[in-house]
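In: sequence and computational prediction follow.
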Amino acid sequence: MPKKSCFLVPYDIDSNQYPGKKNGHQAHWAIVIGIVVICSDQIKNETQSEDQIQIHTKLSIDVIEEYAKEFYLVVRQSKSLRLFLYSPKIFIESNCNLIEFNDKKRNRDEFVLPEGGVSQGLNGKFVSIKIK
């Protein structure tokens, strides 16, 4: 993530508050505020003793590609007070599955929809917010 920025991402929420694929019928917004990288043992052995935790302040794509076993997005879901760790792959799949507005559940007049509606205005898109 760029320094001092966050991302606002539309996606479908599942019953467990994690990303789902509901065609836009359970669309919510989430704010992505960081990442958690789970590194291989190799980086731990190269940087410190085994009983300490290494905090990298300058994380780069090179470090992730070389050492990361996996990584997660740190996300705050629109209605929850908790932070979540979302798989980037599943989160993106949910975002790209936004197809239509659920007219049966909500009155369309209560929402501001982008030009082109859900499928053209939200599907595959996010908002980048730079913090000054």
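Out: Alright, I've got the coordinates.
In: so what's Ser119 up against?
Out: 24, 98-100 (CB atoms under 8 Å, 6 or more residues apart in numbering). For the C-beta atoms, the positions are set from N, CA and C on the backbone; glycine is no exception.
In: one more time with 10 Å, if that's ok
Out: Counting by CB atoms under 10 Å, 6 or more residues apart in numbering, Ser119 touches 23-24, 98-101.
In: cool, and Tyr86?
Out: Neighbouring residues of Tyr86 by CB under 10 Å, 6+ apart: 9, 11, 17-19, 30, 32, 72-75, 77, 92, 94.
In: which of those sits closest to Val127?
Out: Each of the contacts of Tyr86 was checked against Val127 using CB to CB; the closest is Val9, at 7.7 Å.
In: now for the contacts of Tyr86, which pair is the farthest apart?
Out: Using CB to CB, the contacts of Tyr86 span at most 17.4 Å, a distance reached by Gln17 and Ile92.
In: quick revisit: which of the contacts of Tyr86 fall in strands?
Out: If you go by DSSP state E, the contacts of Tyr86 have 9, 11, 19, 30, 32, 72-75, 77 in strands.
In: with the residues you listed in mind, which one is nearest to Asp109?
Out: Closest approach between the ones in strands among the contacts of Tyr86 and Asp109, by CB to CB: Tyr11, at 23.0 Å.
In: quick check: beta-bridge partners of that closest one?
Out: Assessed by DSSP bridges, Tyr11 has beta-bridge partners His28.
In: can you count the residues close to it?
Out: By the criterion of other CB atoms under 10 Å, Tyr11 has 30 neighbours.
In: right, I'll call it a day here.
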